[in-house]
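*Asks:* here is my input, please return the structure:
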Amino acid sequence: MNAHTPDSFEWTDLDRRAVDTARVLAADAVQKVGNGHPGTAMALAPAAYTIFQKVMRHDPADPEWTGRDRFVLSPGHTSLTLYTQLYLAGYELELDDLKAFRTHGSKTPGHPEYGHTAGVETTTGPLGQGVANAVGMAMAARYERGLFDPEAPEGESPFDHTIWAIVSDGDLEEGISAEASSLAGHQKLGNLVFVYDDNHISIEGDTATAFSEDVLKRYEAYGWHTQRIEPAADGDVDPHALYTALKTAQAETERPSIIAMRTIIAWPAPNAQNTEAAHGSALGADEIAATKRVLGFDPERSFEVADEVIAHSRKALDRGAEAHSTWDKQLDTWRGAQPERAKLFDRIVAGQLPEGWEQSLPVFEEGSSVATRAASGKALQALGTVLPELWGGSADLAGSNNTTIDKTSSFLPKGNPLPEADPYGRTIHFGIREHSMAAEMNGIALHGNTRVYGGTFLVFSDYMRNAVRLSALMQLPVTYVWTHDSIGLGEDGPTHQPVEHLASLRAIPGLNIVRPADANETAIAWAEILKRHATKPAPHGLALTRQGVPTYAPNSDAARGGYVLKDSSTGTPDVVLIATGSEVHLAVEARERLEAEGVGTRVVSMPSVEWFEEQSREYRDSVLPPSVKARVAVEAGIGLTWYRFVGDAGRIVSLEHFGASADAKTLFAEFGFTAENVAAAARESLAAARG
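*Replies:* So this is what the prediction gives:
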């Protein structure tokens with residue numbers, strides 16, 4: 001699949017000049033804007049160039065090509081490492097884009113942004129996230145192969161490709177990298193290659209301040225294939241040694257690989273090299289001029305790119321077109337041999353769902369008591385029969401999260417002793433690694449051609465928050481299944497009882513939180529999430545109960561985020577009760593009390609504030625009439641979300657402190673989550689609205 005072999009490697013004067021061009025472009029770009037990270041981009045230029053020009057299968061003319069390898073720059077602060085290679089290879093970046101580095105509206109923001117710049121596979125910046133993204137991409141590549149071409153010999157499928165990543169000292173110090181790398185080794189992800197930039201420099205100086213472990217021994221313990229390459233005699237990266245190591249790593253298909261590569265930050269700047277100042281500051285005009293003299297560039301010129309250099313580097317377009325054409329023929333052969341799988345491939349690539357898929361969703365009997373986590377599990381198992389692209393699991397809580405889509409099929413590598421182990425299995429065992437699970441899910445979504453979910457307890461969303469925020473920033477259609485959503489989990493106590501989490505997660509722009517009232521709302525929520533995968537891509541967090549809650553008749557308006565569950569006996573209600581999740585039934589019981597007193601009471605179930613706020617003003621006003629000032633919101637968490645819905649006369653039945661260890665019934669009564677207290681709050685709101 002890759003034309004180059006170690007024996008055929010060539011490194012010409014034009015290759016060296018292209019690398020040096022990338023170096024001076026990085027220095028000039030930072031100098032022009034006055035801020036940025038030049039040193040690492042200068043040091044990594046040979047490695048990035050070798051990957052993009054000599055090893056990686058990609059087509060700059062088609063950045064979304066299914067058959068491409070993936071490249072992740074985990075230390076996103078050195079974005080110029082990537083931007084210069086995208087420019088040289090012939091992606092959509094041109095010299096003016098490099099000149100506009102870090103300026104408003106440019107294609108070259110300070111950190112790479114997915115969806116903003118062609119060729120950027122993921123948004124990186126928070127260190128360690130890219131490490132886990134790459135692991136997720138490698139997992140997705142294996143599952144994709146299992147969907148479409150599982151019988152093909154290793155390396156002979158159009159769905160075989162490699163995930164390349166550059167990682168830094170900073171990435172490997174972050175705990176998330178340990179989580180993700182441990183899982184990658186356990187999963188034997190032989191399609192994953194890390195190039196570790198071992199430059200010994202961090203913001204506070206030499207990494208001896210905080211980092212002294214033997215990284216390769218650590219990765220060997222994880223089950224990785226490890227290599228170390230030494231620098232050339234002048235201290236620069238030796239491209240021949242790197243190329244050989246990269247091809248050796250790619251040939252190792254039984255284990256993920258890491259290559260430790262000693263670099264000198266800001267090489268070959270005479271005074272700035274090997275200094276922490278070169279990490280995050282412009283080199284200065286004098287130092288840049290001196291560096292250009294060392295490299296044979298005109299010190300009086302900025303952004304100098306020789307015509308022969310750009311002509312040479314943009315041969316990547318020709319190689320990409322050739323690789324793409326070869327792959328197209330391979331795919332056509334596969335289509336002829338696998339017509340049913342080809343239909344599945346076309347449907348999934350188009351983001352479509354199979355005809356009649358919604359008929360598989362369960363409908364739950366009105367009046368029964370079902371925990372929404374259990375309803376979610378039944379929905380997943382039903383959907384799994386018609387959506388082979390849907391897969392996922394949990395952070396070692398599958399039995400509690402109800403996230404096992406197929407008990408007989410676990411995503412585990414060849415050689416794993418468990419009887420359900422299958423390298424293409426449906427159920428992912430992320431292990432007790434919540435943070436990396438979320439970032440791996442991002443990588444799976446970024447890879448494309450599957451639909452992923454992952455579960456843990458809602459309280460542990462704190463462990464995941466940075467990756468969840470990046471899900472929202474990238475608008476990725478990942479689904480977080482967060483169960484045990486309130487003090488309703490009882491005896492486990494305040495360490496496990498989420499209080500502030502719903503409001504905190506709703507504060508993340510672009511993240512849709514869905515807290516269904518009952519089993520039927522849960523099934524409707526899953527359907528809506530699946531429909532939005534292609535049309536309105538965004539991450540979703542399902543907040544689900546441990547305890548059973550009453551089941552109401554299904555109402556498709558639940559997919560609108562808020563709807564009238566029980567209306568008042570009068571035309572216009574006197575008071576509106578708004579509730580989510582396990583508190584909806586309290587609002588329904590309070591309504592019965594109030595209606596018996598002659599108070600017209602409407603109950604609004606609002607499973608998703610975000611979905612509701614997408615609706616038209618007309619619809620929202622029909623659910624929450626502006627003329628009705630008496631309102632009560634009920635949710636077993638802090639009330640921060642609800643002030644904008646209840647207004648000045650409204651009341652909120654909330655929990656503004658941590659919980660306690662006791663059974664759920666006792667805690668709800670102790671903290672005021674009773675129908676009687678909700679009705680009392682409604683009377684207060686009515687008095688305030690009239691007064």
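*Asks:* does the residue nearest to the spatial centre of the chain belong to a helix, a strand or coil?
*Replies:* In the chain, the centroid-proximal residue (C-alpha atoms, centre = their mean) is N442; its distance is 2.1 Å. Under DSSP: H, G, I helix; E, B strand; the rest coil, the three-state class of N442 is helix.
*Asks:* okay but it is in contact with L473, surely?
*Replies:* No: N442 lies out of contact with L473 (C-beta atoms under 8 Å); the separation is 9.8 Å. For glycine as for every other residue, the C-beta is placed from the backbone atoms N, C-alpha and C.
*Asks:* relative to A395, how far out is the residue nearest to the centre of the chain?
*Replies:* 15 Å (C-beta to C-beta, to the nearest Å).
*Asks:* so where's the longest helix in the protein?
*Replies:* If you go by DSSP state H, the chain has its longest helix at helix 315-337.
*Asks:* hey, which helix or strand in this structure has the poorest pLDDT?
*Replies:* One helix or strand of the chain scores below all others by mean pLDDT, DSSP states H and E: strand 201-202, with a mean of 81.
*Asks:* C-terminal to that one, what's the next element?
*Replies:* strand 205-206 (DSSP states H and E).
*Asks:* can you list the residues that contact that next one?
*Replies:* 200, 276 (C-beta atoms under 8 Å, 6 or more residues apart in numbering).
*Asks:* average pLDDT for it?
*Replies:* Mean pLDDT, computed over strand 205-206, is 84.
*Asks:* with stretch 18-31 instead?
*Replies:* Per-residue pLDDT over stretch 18-31 has a mean of 98.
*Asks:* one more: stretch 410-426?
*Replies:* 97.
*Asks:* before we move on, the earlier item: how distant is the least confident helix or strand of the chain from the center of its chain?
*Replies:* With C-alpha atoms, centre = their mean, to the nearest Å as the basis, strand 201-202 stands 27 Å off its chain's centre.
*Asks:* which secondary structure elements does it sit against?
*Replies:* Contacts defined by 3 or more C-beta pairs under 8 Å, 6 or more residues apart in numbering; DSSP states H and E place strand 201-202 against helix 169-173, helix 277-280.
*Asks:* ranges for the helices of the stretch 301-450 of the chain?
*Replies:* 307-313, 315-337, 339-349, 372-384, 398-401, 434-447 (DSSP state H, counting those that start in this stretch).
*Asks:* okay, those, which one's buried deepest?
*Replies:* Most buried of the helices of the stretch 301-450 of the chain, by mean neighbour count (mean count of other C-beta atoms under 10 Å): helix 434-447, with a mean of 29.
*Asks:* what helix or strand is R218 on?
*Replies:* Using DSSP H and E, R218 falls within helix 215-222.
*Asks:* now do that helix: distance to the chain's middle.
*Replies:* For helix 215-222, the separation from the chain centroid amounts to 26 Å (computed by C-alpha atoms, centre = their mean).
*Asks:* ditto for stretch 661-677
*Replies:* Chain-centre distance of stretch 661-677: 37 Å, with C-alpha atoms, centre = their mean.
*Asks:* next one: stretch 676-691
*Replies:* Chain-centre distance of stretch 676-691: 43 Å, with C-alpha atoms, centre = their mean.
*Asks:* what comes up buried for it?
*Replies:* 677-683, 685-686, 689 (16 or more other C-beta atoms under 10 Å).
*Asks:* got it, and stretch 611-622?
*Replies:* Neighbour counts over stretch 611-622 (16+ other C-beta under 10 Å) mark 611-612, 615, 619-620 as buried.
*Asks:* same check on stretch 494-502?
*Replies:* Those would be 496-499, 501-502, for stretch 494-502 by 16+ other C-beta under 10 Å.
*Asks:* go through the residues you listed and name the one nearest L577.
*Replies:* Ranked by distance to L577 (C-beta to C-beta), those are led by L502 at 17.9 Å.
*Asks:* just the element for the closest residue to the closest one other than its chain neighbours, please.
*Replies:* Nearest residue to L502, sequence neighbours excluded (C-beta to C-beta, 6 or more residues apart in numbering): G637, at 4.7 Å. Assigned by DSSP H and E, G637 belongs to neither a helix nor a strand.
*Asks:* contacting residues around G637?
*Replies:* Counting by C-beta under 8 Å, 6+ apart, G637 has contacts 486, 498-503, 654-655.
*Asks:* and if you look at N35?
*Replies:* N35 is in contact with 102, 281-282, counting by C-beta under 8 Å, 6+ apart.
*Asks:* helix/strand/coil for it?
*Replies:* Under three-state DSSP, N35 falls in the coil class.
*Asks:* separation between it and L283?
*Replies:* 12 Å.
*Asks:* now do F297
*Replies:* 14 Å.
*Asks:* strands of the stretch 101-250 of the chain, start to end?
*Replies:* Along the stretch 101-250 of the chain, counting by DSSP state E, counting those that start in this stretch, strands occupy 163-168, 192-198, 201-202, 205-206, 225-229.
*Asks:* what packs against the longest helix of the chain?
*Replies:* Secondary-structure packing of helix 315-337 (3+ C-beta pairs under 8 Å, 6+ apart): helix 79-89, helix 339-349.
*Asks:* how distant is stretch 137-157 from the center of its chain?
*Replies:* Chain-centre distance of stretch 137-157: 21 Å, with C-alpha atoms, centre = their mean.
*Asks:* start to end distance for it?
*Replies:* Using C-alpha to C-alpha, to the nearest Å, the end-to-end distance of stretch 137-157 comes to 17 Å.
*Asks:* and it, which residues are buried?
*Replies:* Within stretch 137-157, the residues that count as buried by 16+ other C-beta under 10 Å are 137-149, 152, 157.
*Asks:* list the contacts of the helix or strand containing A587.
*Replies:* Counting by DSSP H and E, the element that carries A587 is helix 584-596. Outside helix 584-596, the residues that touch it by C-beta under 8 Å, 6+ apart are 517-518, 549-550, 565-566, 568-569, 575, 577-579, 601-603, 605, 632, 634, 673-676, 678-679, 682-683.
*Asks:* pull that helix out as CSV, backbone CA atoms only.
*Replies:* The C-alpha trace of helix 584-596 is given here as CSV (Å, rounded to 0.1, in the frame of the first residue of the first chain):
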residue,chain,number,x,y,z
VAL,A,584,-40.9,14.7,36.5
HIS,A,585,-43.1,12.3,38.3
LEU,A,586,-42.9,14.6,41.4
ALA,A,587,-44.2,17.4,39.2
VAL,A,588,-47.0,15.2,38.0
GLU,A,589,-48.0,14.2,41.5
ALA,A,590,-47.9,17.9,42.6
ARG,A,591,-50.1,18.8,39.7
GLU,A,592,-52.7,16.4,41.0
ARG,A,593,-52.7,18.1,44.4
LEU,A,594,-52.9,21.6,42.8
GLU,A,595,-55.6,20.7,40.4
ALA,A,596,-57.6,19.2,43.3
